[in-house]
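> Got a sequence here, can you model it:
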Amino acid sequence: MEDRDIKIVLADDHEIVRVGIKRLLSMDKSLKVLDEAPNGDVAIKLVAYHNPDIALLDIQMPIMDGIEAATKIKADMPHVFVVMLTAFEDYPHVEKALTAGADGYLSKDIGSKDLISALHTIMHGERVFSRSIIKLLQKRYPETGVDASPVIISKREQEILNLVAIGKTSKEIADKLFLSIRTVESHRYNVMQKLGIKNAAGLARYALSSQSILK
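Below is the predicted model of the structure:
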């Protein structure tokens, strides 16, 4: 993935925001913004035309919002990674975006280096969330001054979370995924560290509450 350009279609209804994001992404020569859209309807057409790697979408846009656009893009072109880059950090928008199939949900407060890193990470099939979004998924309100760097949930960690949510023990998870118990426990510990969860009960509650949208 890293040996070729990453092609992006960018959608935001504010031209000045699009210009700013495009300028930030230009810091990495492998990120190529192929085209820009002022709304979700145009974004869908540009994604169909350019066949990019990533559709980087705002949520609130005229004519068609980013969530509806994400739903249509994922239905028609499931290989395109969809990333929401938005000022909305509330549970209903997060839930709708992830239900639509979004591969990442990032706050516009994110730093340029973290944004670039997140887009590269998503190209490896991992999901990326701002830390404030993770807090929402834990049924908390985002805190002011929270670390804005993104949280990455790998494919394997997501598999393990899904199994935790249905009550599987570490041994049962290890048997199902053909892993050692020690490896499963290591993944569980890493997820807890990323999410700021203190114990196994907290991990189980988080996994259960997020299962419906973090698939």
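
> CA atoms for contacts and neighbours, from now on please.
Will do.

> how does the chain divide into domains?
As assigned by automatic domain parsing, the chain contains the domains 6-153, 155-210.

> Out of the ones you listed, indicate the one that is most buried.
Neighbour counts (mean count of other CA atoms under 10 Å) averaged over each of the domains of the chain peak at domain 6-153, with a mean of 19.

> how long is it from one end to the other?
Start-to-end span of domain 6-153 (CA to CA, to the nearest Å) is 21 Å.

> Which other helices and strands does the helix or strand containing Y105 contact?
For Y105, the element it lies in under DSSP states H and E is strand 104-107. Under the contact criterion of 3 or more CA pairs under 8 Å, 6 or more residues apart in numbering; DSSP states H and E, strand 104-107 touches strand 81-86, helix 91-99, strand 127-130, helix 131-137.

> okay, the ones you listed in CSV with distance to D41 and mean pLDDT next?
Formatted as CSV, these follow (distance: least, CA to CA, whole Å; pLDDT from 0 to 100):
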stretch, distance to D41, mean pLDDT
strand 81-86, 15, 94
helix 91-99, 16, 82
strand 127-130, 25, 84
helix 131-137, 26, 71
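
> Distance to L46 added to those, as JSON lines?
Formatted as JSON lines, the helices and strands packed on strand 104-107 follow (distance: least, CA to CA, whole Å):
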{"stretch": "strand 81-86", "distance to L46": "13"}
{"stretch": "helix 91-99", "distance to L46": "20"}
{"stretch": "strand 127-130", "distance to L46": "23"}
{"stretch": "helix 131-137", "distance to L46": "28"}
